[in-house]
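1. okay, structure incoming, though there's no sequence with it:
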């Protein structure tokens, strides 16, 4: 095999030459599987993901009152928890994007929209709307198949 050398700028001696790691020292990368469509059992399942989102949101917000100073931290916590829960469902070849919106409940209306360019055969989303006494929470998880 070939030994690659990385040379730093302005060499003053051979001590400035760094030897690249040998291929056996590098972590092994997963081999390309050439899968362009997920198996049926590996597809993004909106009903299962919706149930996971509902569990996480209810677990984190049940019994809490809206607090504008705590809402950003709650959003972040719920987002991370939903992402971890969905990852554990076994949809390995999916990139996940999770969006959580928390607002004060005063009887007002709200519209939340998103636009995506995706493959309708493989990509999907799930969402859950939580309505508490003083707040609402809309959590959405998008699953995009990674080719």
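-> Yep, it's here. Here the structure is a predicted model, which is why all the values come from computation and not from measurement. Residues are numbered from 1 along each chain as shown.

2. spatially central residue for the protein, please.
-> By CA atoms, centre = their mean, the chain has its centre lying nearest to residue 96, at 3.5 Å.

3. buried ones in the helix or strand encompassing that residue?
-> Element membership for residue 96 (DSSP states H and E) is strand 94-104. For strand 94-104, a neighbour-count test (16 or more other CB atoms under 10 Å) marks 94, 96, 98, 99, 100, 102 as buried. For glycine as for every other residue, the C-beta is placed from the backbone atoms N, C-alpha and C.

4. picking up where we left off before, for residue 139, see how far away the residue nearest to the centre of the chain is.
-> Distance of residue 96 to residue 139, given as CB to CB, to the nearest Å: 12 Å.

5. ok, now residue 57?
-> Using CB to CB, we find residue 57 at a distance of 5 Å from residue 139.

6. okay, and the common contacts of the two?
-> Taking CB atoms under 8 Å, 6 or more residues apart in numbering as the criterion, residue 57 and residue 139 both touch 78, 82, 128, 130.

7. export these to JSON lines and append columns for neighbour count and pLDDT.
-> Formatted as JSON lines, those follow (neighbours: other CB atoms under 10 Å; pLDDT from 0 to 100):
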{"residue": "78", "neighbour count": "22", "pLDDT": "97"}
{"residue": "82", "neighbour count": "26", "pLDDT": "97"}
{"residue": "128", "neighbour count": "20", "pLDDT": "96"}
{"residue": "130", "neighbour count": "20", "pLDDT": "96"}
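
8. got a list of what the residue nearest to the centre of the chain touches?
-> 83, 86, 87, 141, 142, 143, 144.

9. go on, residue 118?
-> residue 144.

10. A strand includes it, no?
-> No: secondary structure of residue 118 (DSSP: H, G, I helix; E, B strand; the rest coil): coil, not part of a strand.

11. alright, that wraps it up for me.
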